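**Q** fold the following, please.
(chains A and B)
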Amino acid sequence: MNTALRTPRVAGLGALALVLALAPLSFPNAYFYDVAVNALFNAIVCVGLNLLIGYGGQISLGHAGFFALGAYGSAILTTRFGLPPLAAMLASAAAVGLLAFAVGRPILRLKGHYLAMATLGIGIIIHIVLKTESWLTGGPDGMGVDPFRVAGLEVAGDRMWYWVAAALLLLAVWVALNLIDSPLGRALRAVHGSETGAEVVGVDTGRYKMLVFVVSAVFASLVGSLFAHKNGFITPDIGSFFRSIELVTMVVLGGMASTFGAVLGAFILTLLPQLLAAFEDYEAMVLGAIMMGTMIFMPKGLLPSLALLLARRKGGEARP
Amino acid sequence: MTLLRVDGLSKEFGGVHAVENLSFAVNPGTIHSIIGPNGAGKTTLFNLITGIYTPSSGRILFEDRDITAKRPFELARLGMSRTFQNLQVFFNMSALDNVMVGRHLHLDRRFIPSLFRLPSIVRADARARADCAELMRFVGLDRYVGAEAAQMPYGALKRLEIARALAAKPRLLLLDEPAAGLNATESREIDEVIKKVAATGVTVVLVEHDMKMVMGISDHILALDYGRKLAEGTPAEVGANAEVVAAYLGAEA
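**A** All right, here's what the predicted structure looks like:
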């Protein structure tokens, strides 16, 4: 439990930085940079989503919707209104944050399955709107997006995107660790543990659920914007229900309430389909089997389970 | 001045009067016990005072301020904290973190400074950690300072909730059946903890089923039956009350 907390934060961040710096040496070809950037993008979304699911104990089956809104917000604001990419990205994130706040008010009172259903509904509505409002979004055919330019510099090519995304992931992990380690983060974890218990010592549980819901939506939106610019072309399917499920799966697989676990889960589930390409039509089935196996044998997710195993082997398990 | 005043309080659950037209006052610096057989309305009364339930009618005043229907976290801000009979522990956290959540209101919890882990936050948190470890020792949890909450036995968790409530620095502490489920030794130890807490100047209101425990430590006792006041006074007075003896011993015999 909370292995990320016990891992010295500097050591964890350092290890992640090292992995990100050395990973390109193992890339078999230039195409792999593209896959790696997607893995990094997913990881950033999952770090945010893990704050909501793993630490806050809430669920969202609609986060791909927020991701897609960020992507389309950037696409529309830059191509149709001529806004600079950075401004478009921040404006989209602010709008998504407001939207999350507005829908969060009624739905965050719900718990468990009911909250899952409500967030699912939000994701589906966003997906449908992006698909049908063709005059603005290009409909199912998607729309083109210009490259990301800031201060005269253009982020171009998968290699450059890799380093940008890697730096942003480190930043995301750093702020997530900071948040979780603060009194605010402790209150958030307490909401997960017992809302009643948290309330009687002064934690305004509604406020913290809202805060983390908005923060995780903004994370998704920011990454969505970058994804749009990097890809140069987006379709409504980036906000599909399937994508939302995929994001939640990454968090759960890697390890709930473990920031590094969320990163690991995102990496694995982005890279695995590439490695499973040999299975062709059976790829999805193999993936499903891996997930079932993980949940049966490592219900806490990969990283927390491995950390526990390691601690046991060392005989260093916390004793009362 | 009274610290807590309950005025004509009633709570109905679909026609059943769990608490009916109840009035009483708690003086500061005392240990005030609420007793009664099962179903007498003790826990309902507690949940009304601490904002878990909303009363059907009546008023609750804390330090002469009307707190009727305020939410629990607002009451905590005013200086009231509680424990639960059916534990509300954060099992996903360490024991010490559980207690530190109790410090919530006294720590910097602004979003932006938390995001960047400002040195002031780190320093204050380290101080709070030391204070909360001290509180754990105060309630007799020395052995569990480094433990995960999920590894602790039931009796220790009851103390953990007391430590968490104390971490909020309340002026009024409400304990919901602190001795329920404990053996005789543990129960005596909890007695000692409650006396120690009261000695620090915190007013204690406790709901208790165990008559013996209540007699020993209370300054004042309120006896309930069927949601109504049966008797009120010093332990000697209440213990000598024929109705109380009938309700209590009758119910237990």
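**Q** any idea which residue of the stretch 51-200 of chain B lies closest to chain A?
**A** Ranking the residues of the stretch 51-200 of chain B by distance to chain A (C-beta to the nearest C-beta) places residue B:90 first, at 2.8 Å. Quick note: C-beta positions are derived from backbone N, CA and C, even for glycine.
**Q** grab the nearest non-local neighbour of that residue.
**A** With C-beta to C-beta, 6 or more residues apart in numbering or on different chains as the criterion, residue B:90 has its nearest non-adjacent residue at 2.8 Å, and that residue is residue A:193.
**Q** just the pLDDT at the one you found, thanks.
**A** If you check residue A:193, the pLDDT there is 95.
**Q** with residue A:94 instead?
**A** pLDDT, read off for residue A:94, is 98.
**Q** tell me, how many residues neighbour it?
**A** 13 (other C-beta atoms under 10 Å in any protein chain shown).
**Q** what sits closest to residue 232 if chain neighbours are left out?
**A** Let's take chain A. Residue A:232's closest residue in space is residue A:145 (C-beta to C-beta, 6+ apart), at 5.6 Å.
**Q** hm, I was asking about chain B
**A** Closest residue to residue B:232 apart from its sequence neighbours, by C-beta to C-beta, 6+ apart: residue B:222 at 5.0 Å.
**Q** so who does the closest residue to chain B within the stretch 151-300 of chain A touch?
**A** Nearest residue of the stretch 151-300 of chain A to chain B: residue A:193, at 2.8 Å (C-beta to the nearest C-beta). Neighbour list for residue A:193: A:57, B:89-93, B:98 [criterion: C-beta atoms under 8 Å, 6 or more residues apart in numbering or on different chains].
**Q** out of those, who has the most neighbours?
**A** Busiest of the contacts of residue A:193 [other C-beta under 10 Å] is residue B:98, holding 31 neighbours.
**Q** mind checking pLDDT for that one?
**A** Per-residue pLDDT puts residue B:98 at 97.
**Q** then residue B:250?
**A** In this model, residue B:250 carries a pLDDT of 61.
**Q** if we can go back for a sec, ok, so of the contacts of residue A:193, who is nearest residue B:184?
**A** Taking C-beta to C-beta as the measure, residue B:184 sits nearest to residue B:89 out of these, at 23.5 Å.
**Q** can I assume the closest one is in contact with residue B:157?
**A** Yes. Residue B:89 sits in contact with residue B:157 when judged by C-beta atoms under 8 Å, with a separation of 5.3 Å.
**Q** what about the helices in the stretch 151-253 of chain B?
**A** B:154-167, B:184-199, B:211-217, B:235-240, B:242-252 (DSSP state H, counting those that start in this stretch).
**Q** out of the ones you listed, deepest packed?
**A** Mean neighbours per residue, mean count of other C-beta atoms under 10 Å in any protein chain shown, is largest over the helices of the stretch 151-253 of chain B for helix B:154-167, with a mean of 24.
**Q** pLDDT of that one, averaged?
**A** The pLDDT scores in helix B:154-167 average 96.
**Q** now stretch A:228-236
**A** Confidence over stretch A:228-236 (mean pLDDT, whole number) is 96.
**Q** list the buried ones in it?
**A** Across stretch A:228-236, burial judged by 16 or more other C-beta atoms under 10 Å in any protein chain shown covers A:228-231, A:234-236.
**Q** redo the residues you listed as a markdown table? Include distance to chain B.
**A** Formatted as a markdown table, the buried residues of stretch A:228-236 follow (distance: C-beta to the nearest C-beta, whole Å):
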| residue | distance to chain B |
| --- | --- |
| A:228 | 25 |
| A:229 | 25 |
| A:230 | 25 |
| A:231 | 29 |
| A:234 | 29 |
| A:235 | 33 |
| A:236 | 32 |
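**Q** circling back to that earlier point, quick one: secondary structure of the residue of the stretch 51-200 of chain B closest to chain A?
**A** coil (DSSP: H, G, I helix; E, B strand; the rest coil).
**Q** and the residue nearest the centre of chain A?
**A** residue A:45 (1.8 Å; C-alpha atoms, centre = their mean).
**Q** need the per-residue pLDDT for that one.
**A** 98.
**Q** among the contacts of residue A:193, which two are most distant?
**A** Within the contacts of residue A:193, two members stand farthest from each other by C-beta to C-beta: A:57 and B:98, at 15.2 Å.
**Q** following the one helix or strand in chain A whose mean pLDDT sits lowest, which helix or strand comes up?
**A** The helix or strand of chain A with the lowest confidence, counting by mean pLDDT, DSSP states H and E, is helix A:3-6 at a mean of 47. Next in sequence after helix A:3-6, counting helices and strands by DSSP states H and E, comes helix A:9-22.
**Q** quick check: angle from the helix or strand that that following helix is followed by to helix A:9-22?
**A** The helix or strand immediately downstream of helix A:9-22 is helix A:31-50, counting by DSSP H and E. Angle of helix A:31-50 versus helix A:9-22, following axes from the mean of the first three to the mean of the last three C-alpha atoms, to 10 degrees, is 160 degrees.
**Q** now helix A:31-50: buried residues?
**A** Applying a neighbour-count criterion of 16+ other C-beta under 10 Å, one finds A:32-34, A:36-50 buried in helix A:31-50.
**Q** and it, anywhere near chain B?
**A** No. Judged by C-beta under 8 Å from any C-beta of the partner chain, helix A:31-50 stays clear of chain B, getting no closer than 12.4 Å.
**Q** now the helix or strand following that helix: buried residues?
**A** Stepping forward along the backbone from helix A:31-50, the first helix or strand reached (DSSP H and E) is helix A:63-79. Across helix A:63-79, burial judged by 16+ other C-beta under 10 Å covers A:63-78.
**Q** closest one of the residues you listed to residue B:244?
**A** Nearest member of these to residue B:244, counting by C-beta to C-beta, is residue A:63, at 58.3 Å.
**Q** thought residue A:64 was touching residue A:237?
**A** No. Contact between residue A:64 and residue A:237 fails when scored by C-beta under 8 Å: they sit 9.2 Å apart.
**Q** shared neighbours, these two?
**A** residue A:243.
**Q** give the residue farthest from the middle of chain B.
**A** Most peripheral residue of chain B (C-alpha atoms, centre = their mean): residue B:116, 35.9 Å.
**Q** contacting residues around that residue?
**A** A:175, A:178.
**Q** again, 10 Å this time
**A** A:174-175, A:178-179, A:182 (C-beta atoms under 10 Å, 6 or more residues apart in numbering or on different chains).
**Q** any idea how far residue A:54 is from it?
**A** Distance, residue B:116 to residue A:54, by C-beta to C-beta, to the nearest Å: 21 Å.
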